[in-house]
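Visitor: My questions are about this predicted structure, shown below with the sequence.
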Amino acid sequence: MSDVLVEDTRRSKIVPVSHATGGRTARLGALDALRFIAALSVVAFHYTGITPGWGGRAPAELDRVARWASYGTMGVPLFFVISGFVILLTAWERDVPQFLASRVGRLFPAYWTAVAIAAVIAFVVWPEGSVVDGRPPTEAEAALNLTMVQGAFGAHNLDGPYWTLWAEARFYLLVALFMLVGITRQRVLAFATLWPVLAVIAQQAGQAMLSTLLIADYAPFFAGGMLLYVIYRDGHDLGTWLLVGLQSIFALYFALGHYPDSIMVATGWAPSKVLVAGFSLACFGLVALVVLTPLSRCTAGWMSVLGALTYPLYLVHERLGLFIVNSLRETLNPWLVLAIAGLSALVLAAGIHYAVERPLGGRLRHAMLASLQRTSDADGSPRTGAHRALPGMSDGPATHIAARQETPRPRMTDTRTSVRLPAPMAVHD
């Protein structure tokens with residue numbers, strides 16, 4: 001859905017926010033496309049590496065692609081930069097119940113469906129393909145996977161990509177705690193600057209619990225995305241750009257220490273450290289390109305579709321795709337096997353989006369919001385920010401704001417260059 005919508009209870013119809021407030025709204029279509037590209041890079045990495053699907057290393061016929069696809073694992077930190085940008089946008093001027101309800105409604109319908117599919121593959125269809133560290137997952141671990149926090153218990157993930165959701169969940173927790181303090185520009189700048197440093201200090205001091213909570217390894221990517229959103233929201237300034245550069249250096253240090261070895265183990269290819277460094281920096285550069293340049297005004301229906309399919313494709317592609325690869329690798333050309341696996345994952349992702357996410361996501365979000373608001377009311381907690389009722393709208397669980405509504409901001413001007421900067425645009429995650 002490309003328009004940001006608000007429910008107008010007086011006229012009993014849905015109207016664009018721009019009509020209701022006069023504010024400018026648009027979807028960041030290029031950011032949707034970038035997310036889909038990041039997902040495809042991860043898919044390529046999983047399908048062409050050393051996997052049980054191929055019975056080891058991918059066939060030599062795929063070497064031309066596999067060598068480059070080995071860098072696809074770095075689509076994950078790109079996701080984290082995008083997440084830092086989008087989640088701060090989602091949280092700003094909202095209250096905690098709204099934020100948590102939006103995350104639950106956005107993530108869990110597709111995730112629960114993916115876990116159910118992965119469980120069928122792991123326990124019924126292809127048990128040997130789910131062996132990790134020498135043992136298969138247990139039924140108890142499968143049930144724990146439904147919580148999305150199985151990483152906290154050291155339990156197996158039913159599907160490989162789930163580990164990143166544990167990182168995302170910790171980021172959401174930090175943002176929710178930040179919201180309780182109150183999000184302001186100055187606090188975001190301080191938080192995004194100090195968080196990765198404190199996380200590494202905790203890690204070096206052997207404080208495992210604290211360093212895990214603070215996502216020590218990937219904190220610079222999330223923090224860099226948050227800082228890019230500050231620039232997008234308030235305009236360019238040298239100080240914030242220097243802080244983005246600082247996070248990119250922190251991220252580069254981690255990437256050069258982690259990815260050369262992990263890529264070698266997962267694919268059998270020895271990666272170039274120069275390319276690893278380039279891809280690490282590109283995680284920040286690409287997000288800046290699509291949100292801070294004229295590309296931010298690019299929008300099209302197909303971009304929205306790609307954005308909608310990204311999350312379910314990411315969830316289901318690995319276990320399903322490798323099962324298909326394992327089933328067909330002895331009889332079909334490897335390129336055809338890859339095509340069938342990829343298309344099957346894409347079709348399943350589309351099915352999950354249209355049959356599960358669209359009908360259930362909003363309902364779950366509204367139910368969670370109503371429950372959390374009732375809890376807040378019972379506790380006497382104040383309602384702040386976007387949770388206040390709009391004029392003419394009832395303030396209760398029957399009325400919902402479908403997306404954050406901001407007071408229209410004047411166009412920002414960089415006084416040093418007199419360049420007119422675009423006003424912030426709405427983006428839906």
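Guide: Nice, I can see it. Numbers count the residues shown, from 1 in each chain.
Visitor: Poorly predicted segments of the stretch 151-300 of the chain, please.
Guide: In the predicted model of the stretch 151-300 of the chain, no residue satisfies pLDDT under 70.
Visitor: Could you give the number of residues near residue 51?
Guide: Applying other Cβ atoms under 10 Å, we find 21 residues neighbouring residue 51. Using the backbone N, CA and C atoms, a C-beta is placed for each residue, glycine as well.
Visitor: Apologies, that question was intended for residue 304.
Guide: Taking other Cβ under 10 Å as the neighbour definition, residue 304 ends up with a count of 17.
Visitor: Then residue 85?
Guide: Using other Cβ under 10 Å as the criterion, residue 85 is surrounded by 28 other residues.
Visitor: Likewise for residue 320?
Guide: By other Cβ under 10 Å, the residues close to residue 320 number 22.
Visitor: Just to check, it is in contact with residue 121?
Guide: Yes - counting by Cβ atoms under 8 Å, residue 320 does reach residue 121; the two are 6.8 Å apart.
Visitor: Buried ones in whatever helix or strand residue 255 lives in, by neighbour count?
Guide: Take DSSP states H and E as the rule and residue 255 turns out to sit in helix 238-267. By neighbour count, and taking 16 or more other Cβ atoms under 10 Å as the criterion, the buried residues in helix 238-267 are 240, 243-244, 246-248, 250-252, 254-255, 258-260, 263, 266-267.
Visitor: Need phi/psi at residue 88.
Guide: When quoted as degrees, to the nearest 10, the phi and psi of residue 88 stand at phi -70, psi -40.
Visitor: Give me the three-state assignment for residue 148.
Guide: Three-state assignment for residue 148 (DSSP: H, G, I helix; E, B strand; the rest coil): coil.
Visitor: Could I get the contacting residues of the residue positioned nearest the centre of the chain?
Guide: The residue lying closest to the centre of the chain (Cα atoms, centre = their mean) is residue 83, at 4.6 Å. Under the criterion of Cβ atoms under 8 Å, 6 or more residues apart in numbering, the neighbours of residue 83 are 168, 171, 222, 225.
Visitor: Tell me the buried residues in the helix or strand following the helix holding residue 255?
Guide: The C-terminal neighbour of helix 238-267 among helices and strands, as given by DSSP H and E, is helix 273-292. Of the residues in helix 273-292, those with enough neighbours to count as buried (16+ other Cβ under 10 Å) are 275-276, 279-284, 286-288, 290-292.
Visitor: Can you give the distance of helix 273-292 from its chain's centre?
Guide: Averaging C-alpha coordinates over helix 273-292 and over its chain gives two centres that are 16 Å apart (Cα atoms, centre = their mean, to the nearest Å).
Visitor: Residue 360: neighbour count?
Guide: Neighbours of residue 360 under the rule other Cβ under 10 Å: 16.
Visitor: quick one: secondary structure of the closest residue to it other than its chain neighbours?
Guide: Nearest residue to residue 360, sequence neighbours excluded (Cβ to Cβ, 6 or more residues apart in numbering): residue 109, at 4.4 Å. Classification of residue 109 by three-state DSSP places it in helix.
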